[in-house]
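Undergrad: how does the following fold in three dimensions:
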Amino acid sequence: MSYLIRVQIPDTPGTLGAVASALGTAGADILSVDIVERGEGIAVDDLIVDLPGGRLPDVLITAAESIDGVQVDAVRPYAGVLDTHRELGLVENIAAHPKTGFELLADGVPRIVRAGWALLVRATPDGPKRVAASTAAPETPAAELPWLPLPKARVLEAEADWVPETWQELGTELAATPLGKPELALLIGRPGGPAFRTAEVARLAHLAGIVSMVLED
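TA: Prediction:
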C-alpha cells in the first residue's frame, strides 16, 4: 500500500538521505519526494512510499523520527498520481476546452496539491452555489460559506461552525483561493491532513490566477 508521509527535517546536507535509509530499513520503498516548503533551517517534504502488506504505517513514523530533529506531521494512505508538476498540462487542457474549464479545474487540482477533493463555489444572493466538483468531493453541502467573497487565498479553520459535521469527523483540512473574482472560489479539502502549508496555498493561488485568465465564466 502507498502512503504519503509529511516530515519536517533540519535543512542540512545528508538529513533527507538518513530519513530515506531509515524508511528503507523499515521496509518502505520511496517512490517520490516533493519539497513543500523551506525556511529558517527547516525543510518540509512529502514522501510517497510503498509499504509491504501486513506492515502498519506506524513503522514509518518510528523510522523517520529515529533521525535527530525529524518530526512527522502526518501519514495517510495515498492513491494519487505520482507527478508533482502537472500545472502546465492542466492549464493547457483548460485553454483547449474552456467550456468545461470549471469541471477540468476541479478534477485536476487535487492531484496537483495532493488534496482529497476540490469544489468550485460561487457567492449568490440566495447563498453559496456549487459550480463544479471533483469526483471525490463530499455530497454533504455547506449551507453557509461566511468567508465568501474571498479576497485572497488562505487556509480555512477546519472546525469552524460552517464546516459540515461529516467533514470535521474526517479531520478535513481546508484551503481556498479566489478564481479571478472574490465571489468565485476554489475550495480544497484534505481529509485526515496534513494541514496546508503557506507554500501550498501560494501554489494554489498562482495556479488559480493563471486559470482564471482562460476560463469562461
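
Undergrad: okay, now the unreliable bits of this protein?
TA: Residues of the chain meeting the criterion pLDDT under 70: 80-85, 216-217.

Undergrad: contact partners of the longest strand belonging to the chain?
TA: Assignment by DSSP state E gives strand 29-39 as the longest strand of the chain. With contacts defined as C-beta atoms under 8 Å, 6 or more residues apart in numbering, strand 29-39 is touched by 2, 6, 11, 16, 20, 23-24, 43-51, 82, 84, 197-200. Quick note: C-beta positions are derived from backbone N, CA and C, even for glycine.

Undergrad: who are the packing partners of the next helix or strand after it?
TA: Going down the chain from strand 29-39, the next helix or strand is strand 42-50, by DSSP states H and E. Judged by 3 or more C-beta pairs under 8 Å, 6 or more residues apart in numbering; DSSP states H and E, strand 42-50 is in contact with strand 2-10, helix 15-25, strand 29-39.

Undergrad: most tightly packed of these?
TA: Among the helices and strands packed on strand 42-50, strand 2-10 has the highest mean neighbour count (mean count of other C-beta atoms under 10 Å), at a mean of 20.

Undergrad: partners of that one in the sheet?
TA: Sheet pairing of strand 2-10 (DSSP bridges) gives strand 42-50 (antiparallel), strand 71-77 (antiparallel).

Undergrad: nearest to Pro182 among those strands would be which one?
TA: Ranking the strands paired with strand 2-10 by proximity to Pro182 (C-beta to C-beta) places strand 42-50 first, at 29.2 Å.

Undergrad: buried sites along that closest one?
TA: Ala43, Val44, Asp45, Asp46, Leu47, Ile48, Val49 (16 or more other C-beta atoms under 10 Å).

Undergrad: and after that strand, which helix or strand comes next?
TA: Past strand 42-50, the next helix or strand by DSSP H and E is helix 58-64.

Undergrad: I'd like to know which elements that next one is packed against.
TA: Packing contacts for helix 58-64, counted by 3+ C-beta pairs under 8 Å, 6+ apart, involve strand 2-10, helix 15-25, strand 71-77.

Undergrad: which one of those lies closest to Leu187?
TA: Among these, strand 71-77 comes nearest to Leu187, with 19.5 Å by C-beta to C-beta.

Undergrad: tell me how far the closest one lies from the chain's centre.
TA: In terms of C-alpha atoms, centre = their mean, to the nearest Å, the centre of strand 71-77 is found 13 Å from the chain centre.

Undergrad: now tell me what touches the very next helix or strand once past it from outside.
TA: Helices and strands here follow DSSP H and E; after strand 71-77, the next one along the chain is helix 87-96. Residues outside helix 87-96 that contact it (C-beta under 8 Å, 6+ apart): Gly101, Leu104, Leu105, Gly108, Val109, Ile112, Leu207, Ile210, Val211, Val214, Leu215.

Undergrad: next, format those as CSV and append secondary structure, distance to Gly189 and neighbour count.
TA: Formatted as CSV, the contacts of helix 87-96 follow (DSSP: H, G, I helix; E, B strand; the rest coil; distance: C-beta to C-beta, whole Å; neighbours: other C-beta atoms under 10 Å):
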residue, secondary structure, distance to Gly189, neighbour count
Gly101, helix, 21, 22
Leu104, helix, 19, 21
Leu105, helix, 15, 25
Gly108, helix, 15, 20
Val109, helix, 11, 26
Ile112, helix, 14, 22
Leu207, helix, 16, 23
Ile210, helix, 22, 16
Val211, helix, 19, 23
Val214, coil, 25, 13
Leu215, coil, 21, 20
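
Undergrad: all good on my end, thank you.
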